[in-house]
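K.L.:
predicted model follows, preceded by the sequence.
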Amino acid sequence: MNTHPYLRAFLAGVFVPTLVLPLMLAGFIVIRLVLQVPVPIERAIVFPMALVPLLWGLWNMLWLGSHARTRLAIEYHGMLLPILLMPAGALVARCLGILALGSNGVTWFHACHVPYALIVPAFLCALAGYYLVWKYIVGSVNQVLGIA
């Protein structure tokens, strides 16, 4: 079965964020409404919920299209995605006034201050997480759909 490989690659790519983002939304709702944290998270969650699954699907399609030439393993290809997503997300958040850059850290929603010393380990954890998710979950779904 070799029909529509890019459609299957897109579906395999959107699988993980489509399952994870509603769970994150439920967590944000609990934080906002139950715990009464005064952070306007609804401004920050709508855009990623619409864009992230699309980007994961397109990223998997890009891997499928370029794999014959580059021979890059899917886990390394997936690990490149946060290198693009995090700066782009920070730029959009900065333009929308959600993120403010300071001399010793960033401030989210004028309420949550994160020192720069914590951003680097968080970024490295994100890289490791993406590596594992793309290797074990997206790669497995690609194999099940016959495109790996």
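P.N.:
Nice, I can see it.
K.L.:
contacts, neighbours, all on C-alpha from now
P.N.:
Fine.
K.L.:
how far off centre is stretch 117-136?
P.N.:
On the basis of CA atoms, centre = their mean, to the nearest Å, stretch 117-136 sits 10 Å off its chain's mean C-alpha point.
K.L.:
same check on stretch 23-36?
P.N.:
Counting by CA atoms, centre = their mean, stretch 23-36 comes out at 19 Å from the chain centroid.
K.L.:
how close does Val114 sit to Gly129?
P.N.:
Applying CA to CA, to the nearest Å, the value for Val114 to Gly129 is 20 Å.
K.L.:
which residue sits closest to His113, ignoring its sequence neighbours?
P.N.:
In space, His113 comes closest to Thr107 once its chain neighbours are excluded; the distance is 4.3 Å by CA to CA, 6 or more residues apart in numbering.
K.L.:
quick one, what contacts that neighbour?
P.N.:
Leu99, Ala100, Leu101, His113, Val114 (CA atoms under 8 Å, 6 or more residues apart in numbering).
K.L.:
can you do 10 Å?
P.N.:
Ile98, Leu99, Ala100, Leu101, His113, Val114, Pro115 (CA atoms under 10 Å, 6 or more residues apart in numbering).
K.L.:
what does Thr18 give?
P.N.:
Leu11, Met49, Ala50, Val52, Pro53, Leu54, Trp56.
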